[in-house]
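Trainee: coords please:
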Amino acid sequence: MALNYDVDFVIAWVDGNDEEWQKEKTKYLPKRNLYGNDKSFRYRDWDNLQYWFRAVEKFTPWVRKVHFVTYGHLPNWLNIDNPKLAVVKHTDYIPAKYLPTFSSRPIELNMHRIPDLAERFVYFNDDMFIIKPMPLTDFFSNGLPTDFCILSKLHSPTKGDFTAYAKINNLCLLNSNFDKKEQMANFFWKWVSPVYGVNALRNLVFYGQHHFNGFANNHLTFSYLKETFEDVWLKEEETLDETCRNKFRSKVDVNQWLMRYWQLASGNFVPCPRHYKGEVFEVSGNVQKNSMLYEAIEHQKYRIICINDNPDLDFEGVRDRIKEAFEKILPEKSSFEL
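Mentor: Residues are numbered from 1 along each chain as shown. You can find the predicted model right below:
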């Protein structure tokens with residue numbers, strides 16, 4: 001397929017300092033907060049979002065539109081008149097019965113409802129940054145998402161590990177709709193692609209099983225087809241509806257990785273190496289402890305990085321050092337900034 005199709009970016013952002021949002025969140029927060037739904041460090045402001053926009057403009061100028069998903073708050077520097085920017089409030093696309101929400105699940109599972117969203121889009125969390133040029137073909141090839149399909153085994157979840165529970169719930173739905181052995185036979189060379197290296201042999205070991213037991217995941221961007229979301233909602237509306245009605249994350253939720261798993265099981269992807277797109281950095285401790293992250297940014301070692309926050313952190317020191325690193329590769333304002 002010729003490169004005659006549009007690709008959009010979607011990024012979800014929360015301003016944890018917004019007093020109106022804080023009051024609304026507190027109003028709905030369960031009195032017995034057993035599972036850590038009030039971890040304030042998850043919402044603190046790193047003051048680096050401007051570098052995300054600078055990177056998009058410099059390194060992926062081919063993107064048609066950026067859909068900036070927000071509760072309603074906006075950075076005071078954001079140029080909302082930029083023709084490539086669409087500010088999308090939760091009320092613009094999430095059904096009213098799910099609002100307000102303080103869970104990422106309804107925000108992500110309803111992305112296909114975003115007005116004027118291209119059929120092909122890339123989803124970013126606000127801790128994921130492009131740091132070197134990337135062509136469209138890094139995200140889509142022949143009109144299909146680029147991704148890696150590497151089978152794995154799930155780990156037993158702990159009490160507050162919502163992601164582990166969501167993975168299990170995702171697989172329950174997937175196994176209700178697909179026979180793994182049949183899908184591997186239908187798309188054999190996507191499952192044992194040489195680009196996976198030794199992991200292709202790992203997939204062969206699991207070939208005879210009829211159920212999916214897990215997938216390898218990276219906490220990075222994923223490329224999606226809108227039709228995937230529409231198909232999953234058509235076939236599993238009851239479960240998605242239950243997830244979206246939860247104001248906060250719950251052990252019964254599915255998450256947006258269900259959409260990724262569905263694309264993989266359907267064969268709607270083009271294989272790429274697992275670590276081709278980037279690297280995840282867990283930031284913790286003092287400034288010096290995170291030197292590999294600063295070096296990765298300044299020397300543009302990867303295509304994309306994810307800066308994963310943790311509570312045990314010299315926040316202000318590390319935040320300022322990360323900004324210093326970004327400033328070295330992205331010193332000029334973008335047209336997304338006033």
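
Trainee: just for the stretch 1-150 of the chain, where's the confidence low?
Mentor: Of all residues in the stretch 1-150 of the chain, those with pLDDT under 70 make up the ranges 1-2, 32-43.

Trainee: list the contacts for the residue of the chain most remote from its centre?
Mentor: Going by Cα atoms, centre = their mean, the residue of the chain most distant from its centre is Gly208, 30.9 Å out. By Cβ atoms under 8 Å, 6 or more residues apart in numbering, the contact list for Gly208 reads Lys181. The way it works is simple: take the backbone N, C-alpha and C, and place the C-beta from them, glycine included.

Trainee: tell me the pLDDT of it.
Mentor: Gly208 carries a pLDDT score of 89 in this model.

Trainee: need phi/psi at it.
Mentor: With angles defined as degrees, to the nearest 10, Gly208 sits at phi -80, psi -10.

Trainee: any idea how far Pro331 is from it?
Mentor: Using Cβ to Cβ, to the nearest Å, we find Gly208 at a distance of 55 Å from Pro331.

Trainee: likewise for Ser266?
Mentor: On the measure of Cβ to Cβ, Ser266 and Pro331 end up 43 Å apart.

Trainee: secondary structure element holding the closest residue in space to Phe178 that isn't next to it in sequence?
Mentor: Closest residue to Phe178 apart from its sequence neighbours, by Cβ to Cβ, 6 or more residues apart in numbering: Ala265 at 4.5 Å. In the assignment (DSSP states H and E), Ala265 maps to helix 257-266.

Trainee: tell me what that helix is packed against?
Mentor: In terms of contacts (3 or more Cβ pairs under 8 Å, 6 or more residues apart in numbering; DSSP states H and E), helix 257-266 is packed against strand 144-147, helix 162-177, helix 180-186, strand 222-225, helix 226-235.

Trainee: same question for it, mean pLDDT?
Mentor: Helix 257-266 carries an average pLDDT of 97.

Trainee: now that helix against helix 162-177, angle please.
Mentor: Put simply, helix 257-266 runs at 40 degrees to helix 162-177, going by axes from the mean of the first three to the mean of the last three Cα atoms, to 10 degrees.

Trainee: next, the buried residues of stretch 78-96.
Mentor: The neighbour-count check on stretch 78-96 (16 or more other Cβ atoms under 10 Å) flags 78, 82, 84-86, 88, 90, 93-94 as buried.

Trainee: helices of the stretch 51-200 of the chain, start to end?
Mentor: With DSSP state H, counting those that start in this stretch as the criterion, the stretch 51-200 of the chain has helices at 90-93, 104-109, 162-177, 180-186, 188-191, 199-205.

Trainee: for those, which one sits closest to Asp47?
Mentor: Proximity to Asp47 (Cβ to Cβ) singles out helix 104-109 among the helices of the stretch 51-200 of the chain, at 21.0 Å.

Trainee: how many neighbours does the closest residue to Asn199 other than its chain neighbours have?
Mentor: In space, and not counting its chain neighbours, Asn199 is closest to Ile150: 4.5 Å by Cβ to Cβ, 6+ apart. Using other Cβ atoms under 10 Å, Ile150 is surrounded by 21 other residues.

Trainee: just Cys272 next, same as before
Mentor: Close neighbours of Cys272, defined as other Cβ under 10 Å, add up to 21.

Trainee: what sits against the residue nearest to Phe178?
Mentor: Ala265 sits next to 174, 177-178, 180, 183, 212 when contact means Cβ under 8 Å, 6+ apart.

Trainee: could you rerun that using 6 Å?
Mentor: 174, 178, 183 (Cβ atoms under 6 Å, 6 or more residues apart in numbering).

Trainee: Asn169: what's it in contact with?
Mentor: Counting by Cβ under 6 Å, 6+ apart, Asn169 touches Val254.

Trainee: that one and Thr146: what is the separation?
Mentor: As for Asn169, its distance to Thr146 is 26 Å (criterion: Cβ to Cβ).

Trainee: how about Glu238?
Mentor: Using Cβ to Cβ, Glu238 is found at 31 Å from Thr146.

Trainee: more neighbours: which of those two?
Mentor: Between Glu238 and Thr146, counted using other Cβ under 10 Å, Thr146 has the larger neighbour count: 19 against 8.

Trainee: how about the more buried one, what does it touch?
Mentor: Contacts of Thr146 by Cβ under 6 Å, 6+ apart are 270, 272.

Trainee: who does it bridge with?
Mentor: Val270 (DSSP bridges).

Trainee: look up which residues are beta-bridged to Val122.
Mentor: Applying DSSP bridges, one finds that Val122 bridges with Phe9, Ser223.

Trainee: that one: how many residues sit nearby?
Mentor: 25.

Trainee: do the same with Lys235
Mentor: 14.
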